[in-house]
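**Q** Sequence and predicted model, in that order:
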Amino acid sequence: MSLDRLRWRVRVATAVTAGVFGLLGLRLVQLAENDALAAAAFEKRLAPERVLPRRGRILDRDGDVLADVDDDGLRAYPGNARAGHLLGLLSAARLDDFETEGSWAEPGDLVGQSGLEARHEATLRGIPGTVWTVVDEHGLPVRGQGAWNERMAGIARDRWIPTRHGTDVQLTLDADIQLAVERALHGRTGAAVALDVHSGAVLAWASGPTWDPVALAAGAGPADWTELATSGARLDRVARGLYEPGAPFRLVTATSALDNGTPPDHARSCRVQANQKSTRRRRRRRPRTWLPPVEHDYHCSSGRHGRVSVSESLSAGCEAWFRGTGDELGPTLLAETATKLGLGSKTGWFDTEPAGLLPDPAWLSRHHERQWTSQDSQLAALGRGTVLTTPLQLAVTGATIANGGHRVTPWVTGEAPAPVATGLSADVLAEVRASLAASTAPTDAIPLTVSYAGVGGPLASLDGVRASTSSTYVAWAPADDPVVVVAVVVEDGPGAHGVAANAIAAWSADAGLLFPELEDPGVLQ
Amino acid sequence: MTPRGLFGLGLASLALGASLQSGIGHDRVVEHVAWGLAGASGFAGLMTLTPAGLRRLARPGFLAAVSIGLAAAVEQAITGTTAWTAVAQPTALLAVACPIGIASEACRPSPIRKAHHWLAVMGAAFLPPLLLASLGATAMSLVSVFTGVTLLWLAGLPRGLTMLGSLLGALTIPLALAANRDALVLALAANPGPAVVASGGLTGAGPGAAAAGRLGLMTGHADTMLLAHVGEELGAFGALLVLGTAFLIPAVAFFIAAAARDRFSALLASGVGVLLAAQATVHALGALGMAPPNLVPLPMFSLGAASTLPTWLAIGCVACIARGPRPEMAAGTVEYGPNEAIPNWESILAR
């Protein structure tokens, strides 16, 4: 090849090289004007830092703080009232919490897992913010220079997301009444709830055994949950505990009788001789269950009272009137009245709340494989046997009777649900209230100056042999113009009356009606 | 451009490269400057030669470089490292040995059989890349292959031989890429160069203000993606200036080759130009995200003996050629003796 040809080829190589470098230059300019790539470069130098929001407080109806947040971001309970079951617990976020729509929870965050903490989690938790800082490859903050630093700082400012702290939640709960109920129920197994008779607002809510939320302020761990479950403290007995109502169910029986035409002065004999023939028939069909042998008298376990009316029966605690009434009404009418008064159905507090049990021959046949008998009707009228309710349902029943026939829905936050008209005669309910008021008198042990009307007591054993192991009580105050209703169940012995009295006393003190010279009457026994 | 101009351009590039390296907090600036001075010394030494003297040193120099490379490859194969031979910078010498060897062998005046001649030229073209590949410098071996194939074309080898050489060169590239395909794909996807260049915009963050090196964005790529650093600090305009300078050096070599008086000078100068241009192109491709990040330095700007020393030596050869024969030798004499007539393939084939 000649030198000229070589030179020509060199010129070609020069031109090709110039072309390649020209394309590289175009690529440079293209990259320099690519905002998306520039943003990607800054992405790697800006590290987000999450700023956790401050959890909202839980306040009582007067604005007193029930649950606060301390400097470490943990729950603090400044008052003495705890309301553990109502307020609930915080615990480490679980898989469900991460998958909930709108959740920003990360592993290790404390999330409400029960009670109002869980129900109002979205309101209480707030929304975390984000602060962007410039970091190096080790994640350590660095500071650039001059125009670059200003640019980075500007991007960080633009991306800053402010933290929105949690919103406080105010309850209808009264901390003073709550404290009184908790003190009275301390160490006992049972439940107590106080409602406003007209609106259904929850004034107190206590279940025992319970836990100290202060000890679990850092969040309940798996061992804590296990301990709560095995000790029985986890069960919220106010809305989930099913009990035989006992004496308070007599209000339902009395209402049903009066509403179905029984005159108020209709009297029955305590230990009236029943129809022998029908009794013999019942004898032949002896039930194959745990029920005691059928008695052929309308007897009364508290004594022989002679002829008694409804008010006398309530005041004397005579069972005969109610046994006879139960026999006459039958399970259907009893259940119908009980349903109107809020028993046998959910109050709407929990989705998994038990509805309870009302007299139902079909249920008895299905579960105990026997026919409904007169004895079943009698026991049902006394609130025993085939009747199971929760303390919350009992409180609703008491409120319905106390306010003249409007069934309330318990609520603790937000707006009060509108009461539902039951269709029961106001005169009938007034007669029941008057009968109960006449039967309730203050005692030396319960020196309340405000009048209240209540019914309840120990639940006698059905076999008549074993001692009573539980007690129930429902009362409203003041007796002539009810404002508050209290329902109490104590599983491990008597004392329900005392708990209710303490609740009423606390309400009275709060309302300025009791012992104005004393701030704290102490625990009434 | 005069040799002095070329020398000055080299020094300016050295200074700019040192300042850029210091801007990203590199603490090997002193080493960079020392190797640069060593290269400058070599440059000055080459300037004392005539083109004829350079031609006489070409073959021994090529053989010495190949020997060092071979020794390094053997040490690598036996011990897994090049602890003993690394001091001689085998990769750097092999990179510049390719054009020197091709120019030397393609212009041998001695009458030899054509088969031996072709083998010698092909060996000069492909032996350095093979040794570079065995030492793990895959990207530099591909640059060297490209340089060799281009020089084979420039040298005017018979078409078949050129095509064979091109085919061999073309096969080595996909083979080298296929061996590390997954890693290269990941590296290409994760290449931070485009984002760094884009963050500088047209005018850059300011000299010394770039934090990419300190922030670790370019961890592991501080030396090999210098163009991206320039793009961040000096913007697209600054990067274009650097790219232009990186193009200017091989362009000058091409112009010198086009003005050379003999084939050896033309081949050597053009070979150096192709080598430097290929290096700069592969470096820019990696820095601009069109290729995975690679270890090919930007000639005269990037840090390290592997870049600075052979680049200075190569430029020294070009400067020597540009200087031309001495005046006392030029008058009345032919540059090469009667036994050193300008060879051509036709005369070789005729023997």
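**A** Here it is on my side, so go on. Residues are numbered from 1 along each chain as shown, chains lettered A, B, ... in the order given.
**Q** Phi and psi next, for A:Ala421.
**A** The phi/psi pair for A:Ala421 (degrees, to the nearest 10) reads phi -70, psi 130.
**Q** Now it. Nearest residue, chain neighbours left out?
**A** The shortest distance from A:Ala421 to any non-neighbouring residue, by Cβ to Cβ, 6 or more residues apart in numbering or on different chains, is to A:His406 (5.9 Å). For the C-beta atoms, the positions are set from N, CA and C on the backbone; glycine is no exception.
**Q** Which residues are in contact with the one you found?
**A** Listed by Cβ atoms under 8 Å, 6 or more residues apart in numbering or on different chains, the contact set of A:His406 reads A:198, A:400, A:419-422.
**Q** Can you name the residue of the stretch 401-525 of chain A nearest to chain B?
**A** Going by Cβ to the nearest Cβ, chain B is nearest to A:Thr413 of the stretch 401-525 of chain A, at 49.5 Å.
**Q** surely that residue meets A:Leu173?
**A** No. Between A:Thr413 and A:Leu173 there is no contact under Cβ atoms under 8 Å: 9.5 Å.
**Q** who's more crowded, the two?
**A** More crowded of A:Thr413 and A:Leu173, by other Cβ atoms under 10 Å in any protein chain shown: A:Leu173, with 28 against 16.
**Q** residues in contact with the more buried one?
**A** With contact set as Cβ under 8 Å, 6+ apart, A:Leu173 has these partners: A:60-61, A:66, A:83, A:86, A:202-205, A:412.
**Q** Show me what stretch A:113-125 is in contact with.
**A** Applying Cβ under 8 Å, 6+ apart, the contact partners of stretch A:113-125 are A:53, A:55-56, A:58, A:67, A:84-91, A:94, A:102, A:111-112, A:166-167, A:169, A:171, A:220, A:236, A:412-413.
**Q** Can you tell me which of the residues you listed are buried?
**A** With neighbours counted using 16 or more other Cβ atoms under 10 Å in any protein chain shown, the contacts of stretch A:113-125 contain these buried positions: A:53, A:55-56, A:58, A:67, A:84-91, A:111-112, A:166, A:169, A:171, A:220, A:236, A:412-413.
**Q** Low-confidence ranges, the stretch 151-300 of chain B, go.
**A** Scanning the stretch 151-300 of chain B for pLDDT under 70 picks out B:158, B:161-162, B:172-180, B:184, B:187, B:190, B:205-224.
**Q** All the helices of it, in order from the start?
**A** Along the stretch 151-300 of chain B, the segments classed as helices by DSSP state H, counting those that start in this stretch run B:159-179, B:181-189, B:193-200, B:226-258, B:263-287.
**Q** Using TSV, lay out those helices together with mean neighbour count and distance to A:Val455.
**A** TSV is the format used below for the helices of the stretch 151-300 of chain B (neighbours: other Cβ atoms under 10 Å in any protein chain shown; distance: least, Cβ to Cβ, whole Å):
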stretch	mean neighbour count	distance to A:Val455
helix B:159-179	14	92
helix B:181-189	12	79
helix B:193-200	29	79
helix B:226-258	24	85
helix B:263-287	28	90
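**Q** And the ones you listed: which comes nearest A:Val450?
**A** helix B:193-200 (77.1 Å; Cβ to Cβ).
**Q** and the closest one, what does it pack onto?
**A** Judged by 3 or more Cβ pairs under 8 Å, 6 or more residues apart in numbering or on different chains; DSSP states H and E, the packing partners of helix B:193-200 are helix A:3-32, helix A:35-43, helix B:226-258, helix B:263-287.
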